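Asks: Give me the fold of what follows.
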Amino acid sequence: MTVIRINSLKEIHKAAEQFLADLGDKRVVAFYGNLGAGKTTFITALCDVLGVEDIVCSPTFTIVNEYRTSRGEPVYHFDFYRINRLSEAQDIGLDEYLYSGHLCLIEWPEKIEELLPEDVVRVKIEVTSPEGRLLKF
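Replies: Below you'll find the predicted structure:
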């Protein structure tokens, strides 16, 4: 298990760089954590490190946002907080995204657990202080 400690928001980009290095060639990442744990904040930092120029925000109502890295590669950002049925995820063509070979960053994966690929990277975000977080994967 890998653990990344973030003591303050000032360290989040360094943590994002480390996370991406540790991720290697894995493409599907599921972020677990309570409401307010920092899932969207960390995904925003990952996108910053990847050179995404778009505004990164949680796709709570649209389910998925697509961004482009500085190299033109797509990054898919999912938020399944508001879905009530697996069919809602399937209806957006989730499998096409997950098996596209592009980076998929998923918030609230608990809602679609049985649809996740076997090689998904599961990241648990734990709150340690108002700005402190532990990422375990």
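
Asks: so where do the helices sit in this structure?
Replies: Ranges of helices in the chain, per DSSP state H, are 12-23, 39-49, 86-91, 94-98.

Asks: for these, which one ends up most surrounded?
Replies: A comparison of the helices of the chain by mean neighbour count, using mean count of other CB atoms under 10 Å, puts helix 39-49 on top with a mean of 21. (C-beta placed from N, C-alpha, C; glycine too.)

Asks: so for that helix, what's the average pLDDT?
Replies: For helix 39-49, mean pLDDT is 98.

Asks: Can you show me the strands along the protein?
Replies: 3-6, 28-32, 64-68, 74-79, 103-107, 121-127, 133-136 (DSSP state E).

Asks: Centre-most residue in the chain?
Replies: residue 105 (3.0 Å; CA atoms, centre = their mean).

Asks: list the contacts for that one?
Replies: By CB atoms under 8 Å, 6 or more residues apart in numbering, the residues touching residue 105 are 29, 31, 43, 46, 75, 76, 77, 78.

Asks: Nothing else from me, thank you.
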